[in-house]
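Undergrad: Structure of the sequence below:
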Amino acid sequence: MIHGVKIIPLRQVVDERGKIMHMLKATDPHFIKFGEIYFSCAWPGAIKAWHIHTSMTINNAVMCGRAKLVMYDMRKDSPTKGELQEVFFGEDNYVLVQMPPGIANGYKAYGDKMVVLAIAQLSHIDPMNCAHGSFTKDIPYDWNLKHG
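TA: Residues are numbered from 1 along each chain as shown. Sure, this is the predicted structure:
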């Protein structure tokens, strides 16, 4: 586990009409501040990486489909500097992944349909360093499918 990353199970209310999927409320103990919510969508097999925010906490939840979220701790003073963490989440593991600033992160969509990933954070006034492509040598991670 990367220091400061939280994985919080989320509630779904299901009935014969459909369901309600909770993500984040101001009354949640892990709620920090609200700025905006947007949706990142990706086709199966697509990779969206690497993103690094310098001053905002990021909250991710997959509402539709499945994704592999990969995090890499780039914080200079972190006890887990240089560590990688994977989280598989989506329809069969509905959780909120909360990341502190300074964590490089990206995701790969998998399964048979488009992934809809909801991201709640401060408004995009925070500078984001997107200088790293998906296959950079600066982050020791291989996005290829791993068997067994």
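Undergrad: Pairing partners for the residue positioned nearest the centre of the chain in the sheet, please.
TA: Nearest residue to the geometric centre of the chain (Cα atoms, centre = their mean): Asn60, 4.2 Å. Judged by DSSP bridges, the bridge partners of Asn60 are Val97, Ile119.
Undergrad: and if you look at Asp15?
TA: Gly18.
Undergrad: Relative to Asp92, how far out is it?
TA: 20 Å (Cβ to Cβ, to the nearest Å). Bear in mind the C-beta positions are built from the backbone N, C-alpha and C, glycine included.
Undergrad: Compute the number of surrounding residues for the closest residue to Trp143 other than its chain neighbours.
TA: Distances taken as Cβ to Cβ, 6 or more residues apart in numbering put Ile47 closest to Trp143, at 5.4 Å, once the chain neighbours are dropped. The number of residues packed near Ile47 is 16, by other Cβ atoms under 10 Å.
Undergrad: got it, and the one 3 residues further on?
TA: Taking other Cβ under 10 Å as the criterion, the count of residues near Trp50 is 24.
Undergrad: Do I have it right that it meets Tyr72?
TA: Yes. Counting by Cβ atoms under 8 Å, Trp50 does reach Tyr72; the two are 7.4 Å apart.
Undergrad: Which neighbours do these two have in common?
TA: Taking Cβ atoms under 8 Å, 6 or more residues apart in numbering as the contact definition, Trp50 and Tyr72 share the neighbouring residues 104-105, 139.
Undergrad: Can you lay out the residues you listed as a markdown table showing pLDDT and secondary structure?
TA: Formatted as a markdown table, those follow (pLDDT from 0 to 100; DSSP: H, G, I helix; E, B strand; the rest coil):
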| residue | pLDDT | secondary structure |
| --- | --- | --- |
| Ala104 | 94 | strand |
| Asn105 | 95 | strand |
| Ile139 | 91 | coil |
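Undergrad: Apart from its neighbours in sequence, what residue is nearest Lys68?
TA: Closest to Lys68 by Cβ to Cβ, 6+ apart is Lys108, at 4.8 Å.
Undergrad: Enumerate every residue touching Ala42.
TA: 48, 67, 107-109, 114-115, 117.
Undergrad: If any of the residues you listed are buried, put those into a PyMOL selection.
TA: This is how PyMOL selects the buried members of the contacts of Ala42, with burial counted by 16 or more other Cβ atoms under 10 Å:
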select buried, resi 48+67+107+108+109+115+117
